[in-house]
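Undergrad: Structure, please.
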Amino acid sequence: MLISMTGFGRADCTIDNNQYSIEIKCLNSKQFDLRLNIPSSLNIYELEIRNLLSLHLKRGSVVCTITVHRSSNDQHLKIDAEKIKNYYKQLYPIAKELELSLDHILSTILKFPDVVHQHSENISIKEFEELVPHIQVTINEVNRHREKEGAHLQNSILDNIVRIENMQPIITQLTGARKQKIKQDFLKKMEEFELKIDHNRLEQEIIYYLEKLDINEEQVRIVAHCHFFNELVQNPENNGRKITFLIQEIGRELNTIGAKANDAGIQKCIVEMKDELEKAKEQCMNIL
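TA: The predicted structure is shown next:
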């Protein structure tokens, strides 16, 4: 079963009166690329969070955002006394001239953003251990979304591969007439140049020429690749990279047939097969 790299998950929870929100977004990427946005109170647990996400999400461009709203008894205020004194010295003459009270001056100073700092201490190990299952719930939601999206990808890609396989008998049918046409064209050229023909040598040259233009091996390999593709799709392991490599191999065989074909009918089939392969390739870029 194919699994997509695209997914989304969100979870909210309350731990010790603190409100947590966890959000994970995943897009396709060749490697595991994580952007982690967490509050400073979780910085000491960053490595554990990264390892957890890497273990269960495997691959993709991942954005994980964790926000926390601490309860009032968990919040700490720090007042910068020196800055208050400096502001007061500068504002006092103005306030005296305007006949403003001391309370008015202080209330104004306390509104300055660099005077009062609010910070939170690192959360305890116990609180983090209670948070981890909620992160896991979010990951599970992402993976469920990935599986659902992967089912759609699988159906679409298999349709493309089936269409490629269905073109193979047409090429095989055209190949017989193609060989005869090559022989006739060869003889016609000989007659045009009015050359003396050694029929034995001519037969050898035609056989050599046909062997160089033979596309049977490439057709056999394409069929084998398509069968292997179906096996990989049914495998429960993450096969995104293998499937991508297999798509490239099918593309190489099609290019070789196209270069050898020298036949309008076969070339038309190759163009249609390449079109189906390109559609499958685009879809495969999003497979885990």
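
Undergrad: From now on I want contacts and neighbour counts done on CA atoms only, so please keep to that.
TA: Fine.

Undergrad: Quick one: mean pLDDT for stretch 56-69?
TA: The average pLDDT within stretch 56-69 is 92.

Undergrad: now Asp114: how far from Asn255?
TA: Separation of Asp114 from Asn255 (C-alpha to C-alpha, to the nearest Å): 67 Å.

Undergrad: if you count what's nearby, which of the two comes out ahead?
TA: The neighbour comparison of Asp114 against Asn255 (other C-alpha atoms under 10 Å) goes to Asn255, with 16 against 12.

Undergrad: What is the helix or strand harbouring that one packed up against?
TA: According to DSSP states H and E, Asn255 maps onto helix 240-261. Helix 240-261 sits against helix 199-213, helix 216-234, helix 264-284, with contacts defined as 3 or more C-alpha pairs under 8 Å, 6 or more residues apart in numbering; DSSP states H and E.

Undergrad: Out of those, which is closest to Glu82?
TA: helix 264-284 (61.4 Å; C-alpha to C-alpha).

Undergrad: Quick check: buried residues in that closest one?
TA: By neighbour count on 16 or more other C-alpha atoms under 10 Å, the buried set for helix 264-284 is 266-267, 269-270, 273-274, 276-278, 280-281, 283-284.

Undergrad: ok, now stretch 31-50?
TA: Those would be 33-34, 36, 38, 42, 49, for stretch 31-50 by 16+ other C-alpha under 10 Å.

Undergrad: Ends of it, what's the gap?
TA: 14 Å.

Undergrad: centre of the chain versus that stretch, how much separation?
TA: 20 Å (C-alpha atoms, centre = their mean, to the nearest Å).

Undergrad: before we move on, what about stretch 220-235?
TA: Distance, centroid of stretch 220-235 to centroid of chain: 22 Å (C-alpha atoms, centre = their mean).

Undergrad: Need the residues that contact that stretch.
TA: Under the criterion C-alpha atoms under 8 Å, 6 or more residues apart in numbering, residues 1-2, 154, 158, 161, 165, 168, 239, 243, 246, 249-250, 253-254 lie in contact with stretch 220-235.

Undergrad: Could you pick out the buried ones from these?
TA: Buried among these (16+ other C-alpha under 10 Å): 1-2, 154, 158, 161, 165, 168, 239, 243, 246, 250, 253-254.

Undergrad: Can you add distance to Glu218 and pLDDT and give those back as CSV?
TA: Formatted as CSV, these follow (distance: C-alpha to C-alpha, whole Å; pLDDT from 0 to 100):
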residue, distance to Glu218, pLDDT
Met1, 28, 80
Leu2, 27, 87
Gln154, 25, 90
Leu158, 21, 92
Ile161, 16, 92
Glu165, 13, 90
Gln168, 11, 87
Asn239, 24, 75
Ile243, 19, 89
Leu246, 14, 91
Ile250, 9, 93
Glu253, 6, 92
Leu254, 8, 92
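
Undergrad: Just give me the closest of those residues to Leu100.
TA: Nearest to Leu100 among the buried ones among the contacts of stretch 220-235, with distances taken as C-alpha to C-alpha, is Leu2, at 72.2 Å.

Undergrad: Does the closest one belong to a helix, a strand or coil?
TA: At Leu2 the chain is in coil, as set by DSSP: H, G, I helix; E, B strand; the rest coil.

Undergrad: if you average pLDDT over the helix or strand harbouring Ile24, what comes out?
TA: Assigned by DSSP H and E, Ile24 falls within strand 18-27. Strand 18-27 shows a mean pLDDT of 94.
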